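> structure of the sequence below:
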Amino acid sequence: MVFTLSFWTLLFFPMNLNLTNNTAMKILIVDDREPARRMIKRYLCHLTGEFGECTDGADALDAYRAFMPDWVLMDWEMKQMDGLAAMRDIIRAFPAARIVMVTQYCDVELRRAANEAGACGFFPKDDLLDLSEFFKNQLLANV
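Numbering: from 1, shown residues only. Alright, predicted model coming up:
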C-alpha cells in the first residue's frame, strides 16, 4: 500500500519522525545574514539534531571540515567568497558533500551555475516550506 502525504496533511497532522542520534541530520548553514540563518533553523529544527553556522563562503571549507555535516545550505551572495566558489572548494575536498543552494536570487543562470558546481538542490529563501519538505523526504528515504 502506498500513502501520499500532502502539504496540508503534514501541516495539520505532523508526523512523528522519531529522530534519534542515528537518524538526525547535521546541517551546516553558510549565510552572511543572521536573520536568514535563524529563519532556516526555525523551518528545519524539527528535522535535524544539530546545526552548524558559518557567515561567509571563505570560512565554509574549514567549517565543513570541523563539523562534518550531512548537508550544507549555501547562500550565494556573501562578502569575501560567494557560495558557488565555496561549494566548489568543499566538493573538491569532500566529493561526497551534499550541498543545497538557498538564496534570494532565483534566475536561470544561477540555477545552472549551482548545478554545474555540484549543488543537490536549489531553493529560494522566500519558499522555505519546500526546503523543509525536501529534508522530510530525505529523512523518510533513510528510515
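> low-confidence ranges in this structure?
1-23, 143 (pLDDT under 70).
> let's go with 50 and repeat that
Applying pLDDT under 50 to the chain flags the ranges 1-22.
> what about the residue lying closest to residue 135 once chain neighbours are set aside, how many residues close to it?
What sits nearest to residue 135 in space, not counting adjacent residues and going by C-beta to C-beta, 6 or more residues apart in numbering, is residue 47, at 5.0 Å. Quick note: C-beta positions are derived from backbone N, CA and C, even for glycine. Neighbour count of residue 47, defined by other C-beta atoms under 10 Å: 17.
> now for the lengthiest helix in the chain, which elements pack on it?
Longest helix in the chain, counting residues (DSSP state H): helix 128-141. Counting by 3 or more C-beta pairs under 8 Å, 6 or more residues apart in numbering; DSSP states H and E, the packing neighbours recorded for helix 128-141 are helix 7-12, strand 25-30, helix 34-44, strand 71-74, strand 99-103, strand 121-124.
> out of the ones you listed, nearest to residue 65?
strand 25-30 (10.5 Å; C-beta to C-beta).
> what's that closest one in contact with?
Identification of contacts with strand 25-30 by C-beta atoms under 8 Å, 6 or more residues apart in numbering yields 37, 40-41, 44, 47-57, 60, 63-64, 67-75, 78, 83, 86, 135, 138-139.
> kindly report the same for stretch 70-82.
So stretch 70-82 is contacted by 25-33, 36, 40, 55-58, 60, 64, 83-84, 86-87, 90, 97-103, 105, 110, 114, 119, 131, 135, 138 (C-beta under 8 Å, 6+ apart).
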